[in-house]
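In: Sharing a model prediction with you, sequence too.
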Amino acid sequence: MPAHRQHGRRRATVSKTAPTSPGRHWTSPAEIKSKHVTGRKPLALAVAAAGFIALTALPAAHAETNHLSPAVTASAAASTAQPTVTADKDVVLSFAQPTIVSKPAPTTAPAGGLRPAAAEKTPVSVQAPTVTTPPAPALEAPTTNSSSGLVPPLAALTVTSPFGYRTNPLSGAGGEMHTGIDFGGACGTAVLASGTGTVTEAGWSQYGGGNRIVVDHGGGIKTTYNHLDSVGVSVGQQVSAGAQIAGVGSTGNSTGCHLHFEVVVNGQTVDPAPFI
């Protein structure tokens, strides 16, 4: 009798694997498969990460080197290269710091050496200009009037009031007769004898002339000197023309230092101007 085939699917027979022992403990196949899977997963992740890093670094390195010209690459390599320092085996190397000493500059230049420009200049001597003072002019003797034989009573004549009628400087009254010529001068200025003669008066005058001197020259001509500061002669004394007999003053009726000079002819006062 033929054997009947069974219709439908067969249920696969599952063969059981004998448990393996990783040592003394028995482990089921499921645990072994789980251990193989978990042991391989970290390794695969590490490999993948290393590959990603390599792929990322490769273009950067390529951009740094391959895209530059050979000249630039060579220059960069040369600048980064460190020179090799060598020394003989017998050379003794010393790292002691040298001592630096500063000396002041010499104050004098060495013989034959360079000198400052100021030292090469020739000294210039400046001499003060010679000032020549002209000698003071000698005082000339008063010129004698040939017609009268008289000389001016002062070395310099400055008329401050002439002979004739005038207003009295003290009282202010008009119509006063001024009997002589007033010559201005500083008090003490030398008064000179207007001619050779004999002193007939020497002292104080009661008519307002102050200190007064009268010299008789003979021939009816006399000269008078009034308002004197001092009297240098005495009555009866002989004087010569041009000799100092007194000093200008302001004695008597006077408004200031001056000489009131008179010429008397035969007892009458006249204008002194033509006589001197």
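Out: Perfect, thanks for sending it.
In: Roughly how far does Leu259 sit from Gly220?
Out: In this structure, Leu259 and Gly220 are 23 Å apart, going by CB to CB, to the nearest Å. All C-beta atoms are positioned from the backbone trio N, CA, C, and that covers glycine.
In: okay, these two: which has more neighbours?
Out: Leu259 (25 against 11; other CB atoms under 10 Å).
In: partners of the more buried one in the sheet?
Out: Listed beta-bridge partners, Leu259: Phe183 (assigned using DSSP bridges).
In: Thought Thr223 was touching it, still the case?
Out: No: using CB atoms under 8 Å, Leu259 is not in contact with Thr223; the gap is 11.3 Å.
In: Which positions in the longest strand seen in the chain come out as buried?
Out: Counting by DSSP state E, the longest strand found in the chain is strand 221-231. Buried residues in strand 221-231, counting neighbours by 16 or more other CB atoms under 10 Å, are found at Ile221, Lys222, Thr223, Thr224, Tyr225, Asn226, His227, Leu228, Asp229, Val231.
In: next one: stretch 153-163
Out: Result for stretch 153-163 [16+ other CB under 10 Å]: buried residues Pro153, Leu154, Ser161, Phe163.
In: which residues are contacting that stretch?
Out: 139, 142, 169, 178-185, 189-194, 223, 225, 248, 258-259, 261, 271-273, 276 (CB atoms under 8 Å, 6 or more residues apart in numbering).
In: Swap in 6 Å and give it another go.
Out: The contact list for stretch 153-163 (CB atoms under 6 Å, 6 or more residues apart in numbering) reads Ile181, Asp182, Phe183, Gly184, Gly185, Val191, Leu192, Ser194, His258, Phe261, Asp271.
In: distance between the ends of that stretch?
Out: Length of stretch 153-163, first residue to last, CA to CA, to the nearest Å: 16 Å.
In: tell me the mean pLDDT for that stretch?
Out: The pLDDT scores in stretch 153-163 average 96.
In: Next up, phi/psi of Ala273, please.
Out: phi -50, psi -50 (degrees, to the nearest 10).
In: got any ranges where the stretch 101-250 of the chain has weak pLDDT?
Out: 101-148 (pLDDT under 70).
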